[in-house]
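In: model the following, please.
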Amino acid sequence: MIFKESLRAGETPEDWRKANITPIFKKGNRNDPANYRPVSLTSQVCKVLETIVREQLFNHLKSNNLLSEEQHGFREGRSCLSNLLTTLEDWTSILEGGDCVDVAYLDFSKAFDLVSHKHLLLKLQKHGITGQIWNWIKAFLENRKQKVVIRGAESDELNVLSGVPQGSVLGPILFLIFINDLPKCTTCPVCLFADDSKVYCKVPRRYRGKPELEGAHELLQKDLQNLHNWATKWKMSFNVDKCKIMHLGYGNDKHEYNLNGNVLSETEEERDLGVLIDNDLKFSRHIRGIVAKANRMIGLMKISFESIEKDMFLPLYTTLIRPLLEYCVHAWSPYLERDIDLLENVQRRATKIVRQYKNEEYEVRLRELGLPKLVDRRTRGT
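Out: Next up, the predicted model:
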């Protein structure tokens, strides 16, 4: 009854529009507030109704084929992996064809927090979302209040003038609708995961230019300006210091690009949805990084437990260590023997800490633990 009346009247109780903010550290300087993600702890009752509204929104968008094909975030059948596979397959195909690729990695400043409620409501209408649902979302967004809570200490409560609540059920789908028209302002391919954006262009090799690629650099530069114009129009902004250009391919002339006059820094590697992409697309740096992280986790296990039995080891290993070695592995699966060995050696080292089998050969340890080799798991696609 409460939910029906809330939807019918297009109103939400005051408590549903209050949030306690928990700052979650991302990376960088811990003393810089900008390096924390504000996650909203909101009403549990409201989240139930949000779930119902979200399903109606998704059904409407899906049945009318309204969501951009370039968007991989928060969608059924899409993921970080599908995003990476889409771009990496395209880049590899271009490089194998003898051309180069210039990639612009773009970073929005506080993307979820700067969403204009006025503009979001306008975009909802443009997507055919009107009537009771539109009225309810309007009430859900407006007159919100929040306070920061850290270790029991609370800040003063403040009004929320923009943004979709991070940590809410509706936040992701509302943001997808807000950013849905971004790909329409580019000519070059663009790929999104929520606000994580990259736009790229096939460019010619130095001294071996193809007539059909003449002006490719200018095309990407024009798209960057169009993206800046889009952000300005919708009251968003890019963090220019975190926007990067990566040049892929032998003979790439490393053209300089800018975002509204601000020259973008070049990079030889960029963390793309948790995977370290390097400009030779070999992924050796990514593999070294995850191997080091996994080995540190093994070290923590060894010093945390005096003795580790099989029944304890398996859930720890399959939960804390192996996922580090296999996250999005279909996008970067190693082909160099040294990288294959680096990964396998992590499992070889990890299985030696099981008390019953520490003196057994690797193959025996795997058989007793019921574990396949990592290379076999990658081959099977698991």
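In: any idea how many residues pack against I150?
Out: Number of residues near I150 (other CB atoms under 10 Å) recorded here: 11. Any C-beta I mention is one placed from the backbone N, CA and C, and that applies to glycine too.
In: repeat that for the one 3 residues further on.
Out: The criterion is other CB under 10 Å. On that basis, A153 has 7 neighbouring residues.
In: now do it, the pLDDT please.
Out: pLDDT, A153: 88.
In: what does it show for phi and psi?
Out: Taking degrees, to the nearest 10, you get phi -90, psi 140 for the backbone angles of A153.
In: swap in N252?
Out: phi -70, psi 130.
In: list the beta-bridge partners for it.
Out: R205 (DSSP bridges).
In: thought it was touching D102?
Out: Yes. If you go by CB atoms under 8 Å, N252 and D102 touch, sitting 7.3 Å apart.
In: list residues touching both of the two?
Out: V203 (CB atoms under 8 Å, 6 or more residues apart in numbering).
In: neighbour count for the two, which is higher?
Out: Between N252 and D102, D102 has the larger neighbour count (other CB under 10 Å), namely 25 against 19.
In: let's verify the more buried one: helix, strand, or coil?
Out: On the three-state scheme (DSSP: H, G, I helix; E, B strand; the rest coil), D102 is labelled strand.
In: ok, it to C188 distance?
Out: Distance of D102 to C188, computed by CB to CB, to the nearest Å: 9 Å.
In: now the common contact residues for these two.
Out: Joint contacts of D102 and C188 (CB under 8 Å, 6+ apart) are 200-201, 220.
In: those residues in helices, which ones?
Out: The members of the shared contacts of D102 and C188 that map onto helices under DSSP state H are L220.
In: ok, so of the shared contacts of D102 and C188, who is nearest M312?
Out: Set against M312, the nearest of the shared contacts of D102 and C188 by CB to CB is Y200 (46.1 Å).
In: how many residues are close by the closest one?
Out: 23.
In: contacts only, for it.
Out: 87, 90-91, 101-104, 188-190, 220.
In: what's the ChimeraX line that selects buried ones from the residues you listed?
Out: Of the contacts of Y200, the buried ones go into a single ChimeraX selection, burial set by 16 or more other CB atoms under 10 Å:
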select :87,91,101,102,103,104,188,189,190,220
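In: mind putting the contacts of Y200 in CSV, pLDDT and distance to F283 included?
Out: Putting these into CSV (pLDDT from 0 to 100; distance: CB to CB, whole Å) gives the following:
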residue, pLDDT, distance to F283
T87, 98, 14
D90, 97, 17
W91, 98, 13
V101, 97, 16
D102, 98, 20
V103, 98, 15
A104, 98, 21
C188, 97, 24
P189, 97, 21
V190, 98, 23
L220, 97, 24
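In: include distance to N29 when you put the contacts of Y200 into a markdown table, please.
Out: Shown next, in a markdown table, are those (distance: CB to CB, whole Å):
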| residue | distance to N29 |
| --- | --- |
| T87 | 30 |
| D90 | 35 |
| W91 | 32 |
| V101 | 33 |
| D102 | 30 |
| V103 | 27 |
| A104 | 25 |
| C188 | 34 |
| P189 | 34 |
| V190 | 31 |
| L220 | 32 |
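In: would you map the strands across the chain?
Out: With DSSP state E, the ranges of strands along the chain come out as 18-25, 36-41, 100-106, 144-150, 153-154, 158-160, 190-193, 196-203, 244-248, 258-259, 262-263, 265-266, 269-272, 275-278.
In: export those to a markdown table and tack on distance to T51?
Out: Shown next, in a markdown table, are the strands of the chain (distance: least, CB to CB, whole Å):
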| stretch | distance to T51 |
| --- | --- |
| strand 18-25 | 17 |
| strand 36-41 | 16 |
| strand 100-106 | 31 |
| strand 144-150 | 19 |
| strand 153-154 | 28 |
| strand 158-160 | 21 |
| strand 190-193 | 22 |
| strand 196-203 | 25 |
| strand 244-248 | 37 |
| strand 258-259 | 38 |
| strand 262-263 | 41 |
| strand 265-266 | 42 |
| strand 269-272 | 30 |
| strand 275-278 | 31 |
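In: fine, thanks again, bye for now.
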